[in-house]
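**Q** Build me a structure from this.
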Amino acid sequence: AFAHHLIRRYESPGPILFSKIVLAATIPYAFGLERFLPAGTAVQRVTLKKSTQKAAAIAAVDSVLQRQSVTPRLAILASQAVDELIMNAVFDAPLGKDGKPSKRNIPRDADFPLLMDEEVILSMADAREYFAIQIADPFGSLDKGTVLRFLRQDFQAGAYNPNTSDKGAGLGLHGIIQSGLSLLFVSRPGIRTEVTLFIKKAETFKEFREGFRFVSIMSP
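**A** Predicted coordinates for the structure are as follows:
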């Protein structure tokens, strides 16, 4: 089941991205950041093996964005979004043998190892006109209904203002969508979930906010 549930503006690189997403929707397993990037784009990957490595992963994202001279407000927004997605992958995604969440009630500052079948992978790429940052977990427990519930909130709320005083504050799915970042969810139950942020390069935050924006879901 595939759909663009929110889409705004078609200027470059929107059409390129949309065509790649639609093509990916025609295959059974549309996983892998590379399929949403220009051919030959280098991808950096970081594997989280402990719950407390979230801070290092966010710092890595922030470092990459700073090197590319991303505006501070947009860099903070991206870091907060990555924080939230990692938290979801570490604490909300894991399921026990009974199919129920197994780590959702653990304190978010707990320090514990991630087993090989629990590891979270952060991928980053500079695709010339946009950045792509992906968080992947091996559970596939993020369902379409959850995403649509937050989308419905998006249309009922006012403009989102990121917390610029705390890069690790997290946004919540609703906050990420409301912020203007573009999101792609690819999920297969029991196999994998990949959530990818697409950030249009812009000289000002205003230019970013006026650029392309979409939310797409590929999930049964």
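**Q** burial measure for L85, as a count.
**A** 26 (other C-beta atoms under 10 Å). (C-beta placed from N, C-alpha, C; glycine too.)
**Q** Name the helix or strand for it, please.
**A** helix 72-87 (DSSP states H and E).
**Q** List the buried residues of the helix or strand hosting Q66.
**A** Using DSSP H and E, Q66 sits within helix 54-67. When burial is assessed from 16 or more other C-beta atoms under 10 Å, helix 54-67 yields the following buried residues: K54, A57, I58, A60, V61, D62, V64, L65.
**Q** what's the next secondary structure element after the helix or strand containing T193?
**A** Assigned by DSSP H and E, T193 belongs to strand 192-200. Sequence order places helix 205-209 as the next helix or strand after strand 192-200, per DSSP H and E.
**Q** quick one: buried residues of stretch 125-136?
**A** A125, D126, A127, Y130, F131, A132, I133, Q134, I135, A136.
**Q** C-alpha coordinates for it, PDB please?
**A** Extracted in PDB, the C-alpha atoms of stretch 125-136 (Å, rounded to 0.1, in the frame of the first residue of the first chain):
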ATOM      1  CA  ALA A 125      24.000  11.100   2.200                       C
ATOM      2  CA  ASP A 126      24.600  14.400   0.400                       C
ATOM      3  CA  ALA A 127      22.600  14.200  -2.800                       C
ATOM      4  CA  ARG A 128      23.700  17.600  -4.200                       C
ATOM      5  CA  GLU A 129      20.300  19.400  -4.000                       C
ATOM      6  CA  TYR A 130      19.200  17.700  -0.800                       C
ATOM      7  CA  PHE A 131      20.400  15.700   2.200                       C
ATOM      8  CA  ALA A 132      18.900  12.300   3.100                       C
ATOM      9  CA  ILE A 133      19.100  10.900   6.600                       C
ATOM     10  CA  GLN A 134      17.700   7.500   7.300                       C
ATOM     11  CA  ILE A 135      17.000   5.500  10.600                       C
ATOM     12  CA  ALA A 136      16.400   1.800  10.200                       C
END
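**Q** quick one: that stretch to chain centroid distance?
**A** Distance of stretch 125-136 from its chain centroid, counting by C-alpha atoms, centre = their mean, to the nearest Å, is 10 Å.
**Q** How about residues contacting it?
**A** 12-13, 17, 31, 33, 36-38, 41-44, 61, 64-65, 68, 70, 78, 81-82, 85-86, 88-89, 120-124, 192-201 (C-beta atoms under 8 Å, 6 or more residues apart in numbering).
**Q** again, but for stretch 31-41
**A** 16-17, 20-21, 23-24, 43, 123, 125-128, 132, 134, 136, 184, 186, 192, 194, 196, 198.
**Q** In it, which residues are buried?
**A** For stretch 31-41, by 16+ other C-beta under 10 Å, it's F31, L33, F36, L37.
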